[in-house]
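K.L.:
how does the following fold in three dimensions:
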Amino acid sequence: MAIDKIFYNEASAAKLGWKPEWFGKEEFDEELVDEIRRWQRRNGLKSDGLCGPSTFRRIFTEREQNLSDYHPSIFPLPSSAKKHIVHNGNFIPIEWDKVVLWDDAGGLKCEPGTYSSYAGKPDRKPHFFVNHWDVCLSASSCAKVLNKRGISVHFCIDNDGTIYQLLDTQHAAWQAGGRRWNHDSVGVEISNAYYTKYQDWYVKNGFGRRPVVKKNVAKVHGRGLDEHLDFYPVQLEALKALWAAIHKGLGIPLECPTDKYGKLVEAVDPQCEASKFEGFINHYNLTKRKIDCAGLDLKNMLLQTKEQL
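P.N.:
The predicted structure follows:
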């Protein structure tokens, strides 16, 4: 049965808060569907004419790039939130100086109804950790998009390496893509707008130039990716500090999916897909529909994390 694309876009706009004007149109009609198709083709997306979650996230980021009112957080990092993250109300030490919790001044949080609450229930014991990139310009932008979409994540790592905890890891964030995956995991969104057209925004706003991954260097699901922006080194250091804290506090092994030759699996991994893997994975290890975080060298970074313990 063919989907009514005009109706779909009207419903999507009502839920997510976008308007036809975002695509240069005035009405929800076939012209809008065609314009969305053209925008999707320009941005390397499936050109179906539907402004679904993936298209919304990217058009939101494109619009934000042009806003003149972007400012870094006006709140200083709270001295009380420098050296711990939280699981089930208990502090887990972390060796990182820039950590902000959801209830701190300037903190980011997941709204009720965007995650599965395990408050008052037995201690949740996640056994794998999912790494994502957010295709947003900042952690605060990512939090806005997630809340608009009605989904969530436990952590965000901002451009300057600040780790934001948006949700107690006792709760199951809706971040991995399936109920069982969400129940069994913890997740992080690492800020990176991905497309090289956003490089000037980072420079203009004082973050400096992002490293760039050349075409076909990063591979996933058997194909090379186009040239794209990479993570800042400080973000990778923050990520390793977060991994170490999660390992110590929740017992998740510092392991990643590897093949019989010991090479990182850069595709869907059957153990991950079945929610049986214990360790740290990229989102693409769960589903062919995802490519994040292609190029992130989990194996070597986890070895470095082990050496630093």
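
K.L.:
which positions within stretch 189-202 qualify as buried?
P.N.:
Across stretch 189-202, burial judged by 16 or more other C-beta atoms under 10 Å covers Glu189, Ile190, Ser191, Asn192, Ala193, Tyr194, Tyr195, Tyr198, Trp201, Tyr202. For glycine as for every other residue, the C-beta is placed from the backbone atoms N, C-alpha and C.

K.L.:
averaged pLDDT, that stretch. What do you get?
P.N.:
Taken as a whole, stretch 189-202 carries a mean pLDDT of 96.

K.L.:
for that stretch, which outside residues touch it?
P.N.:
43, 58, 61, 65, 131-139, 141-142, 146, 153, 155-159, 175, 208-210, 212, 227-231, 235, 239, 293 (C-beta atoms under 8 Å, 6 or more residues apart in numbering).

K.L.:
6 Å instead?
P.N.:
61, 65, 132-135, 137-139, 142, 153, 156-159, 210, 227-229, 231, 235 (C-beta atoms under 6 Å, 6 or more residues apart in numbering).

K.L.:
swap in stretch 236-253?
P.N.:
Against stretch 236-253 from outside (C-beta under 6 Å, 6+ apart): 85, 87, 92, 94-96, 129, 157, 161, 163, 254, 278-279, 301, 305.

K.L.:
farthest-separated two in these?
P.N.:
Among the contacts of stretch 236-253, the pair separated by the greatest distance (C-beta to C-beta) is Gly161 and Glu278, at 27.2 Å.

K.L.:
out of these two, which sits in the busier spot?
P.N.:
With neighbours defined as other C-beta atoms under 10 Å, Gly161 and Glu278 compare such that Gly161 has more, 20 against 15.

K.L.:
contact partners for the more buried one?
P.N.:
Per C-beta under 6 Å, 6+ apart, neighbours of Gly161: Lys98, Val234, Gln235, Ala238.

K.L.:
run the last query once more with 10 Å
P.N.:
Neighbouring residues of Gly161 by C-beta atoms under 10 Å, 6 or more residues apart in numbering: 96-98, 191, 231-239, 241.

K.L.:
so what's it closest to, chain neighbours aside?
P.N.:
Val234 (3.7 Å; C-beta to C-beta, 6 or more residues apart in numbering).

K.L.:
circling back: relative to Ser54, which of the contacts of stretch 236-253 is nearest.
P.N.:
Ile157 (20.9 Å).

K.L.:
low-confidence bits of the stretch 1-150 of the chain, can you list those?
P.N.:
Low-confidence segments of the stretch 1-150 of the chain, defined by pLDDT under 70: 1-2, 66-82.

K.L.:
can you map out the helices along it?
P.N.:
5-16, 30-42, 53-65, 139-149 (DSSP state H, counting those that start in this stretch).

K.L.:
let me have the ones you listed in JSON lines, adding mean neighbour count and distance to Gln170 as columns.
P.N.:
Converted to JSON lines, the helices of the stretch 1-150 of the chain look like this (neighbours: other C-beta atoms under 10 Å; distance: least, C-beta to C-beta, whole Å):
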{"stretch": "helix 5-16", "mean neighbour count": "16", "distance to Gln170": "28"}
{"stretch": "helix 30-42", "mean neighbour count": "17", "distance to Gln170": "38"}
{"stretch": "helix 53-65", "mean neighbour count": "19", "distance to Gln170": "26"}
{"stretch": "helix 139-149", "mean neighbour count": "21", "distance to Gln170": "18"}
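
K.L.:
quick one: which of the ones you listed is nearest Ser185?
P.N.:
helix 139-149 (15.7 Å).

K.L.:
the closest one packs against which elements?
P.N.:
Judged by 3 or more C-beta pairs under 10 Å, 6 or more residues apart in numbering; DSSP states H and E, helix 139-149 is in contact with helix 5-16, helix 53-65, strand 155-157, strand 163-165, strand 185-190.

K.L.:
need the CA coordinates for the last one. CSV is fine.
P.N.:
Translated: strand 185-190. Taking C-alpha atoms only, strand 185-190 is exported to CSV below (Å, rounded to 0.1, in the frame of the first residue of the first chain):
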residue,chain,number,x,y,z
SER,A,185,22.8,-1.0,26.5
VAL,A,186,24.1,2.4,27.4
GLY,A,187,24.6,5.0,24.6
VAL,A,188,26.6,8.1,23.8
GLU,A,189,26.1,10.7,21.0
ILE,A,190,29.4,12.3,20.0
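
K.L.:
centre of the chain to it, how far?
P.N.:
7 Å (C-alpha atoms, centre = their mean, to the nearest Å).

K.L.:
for Ile157, list the residues it contacts.
P.N.:
96, 98, 131, 133-134, 139, 142, 163-164, 188-192, 231-232, 234-239, 241-242.

K.L.:
returning to what we had before: are any of the contacts of stretch 189-202 buried, and which?
P.N.:
61, 65, 132-135, 137-139, 142, 153, 156-159, 210, 228-229, 231, 235.

K.L.:
run through the strands of this protein in chain order.
P.N.:
84-87, 90-93, 99-101, 115-116, 128-133, 155-157, 163-165, 172-173, 185-190, 212-213, 219-220, 223-224, 228-229, 279-282 (DSSP state E).
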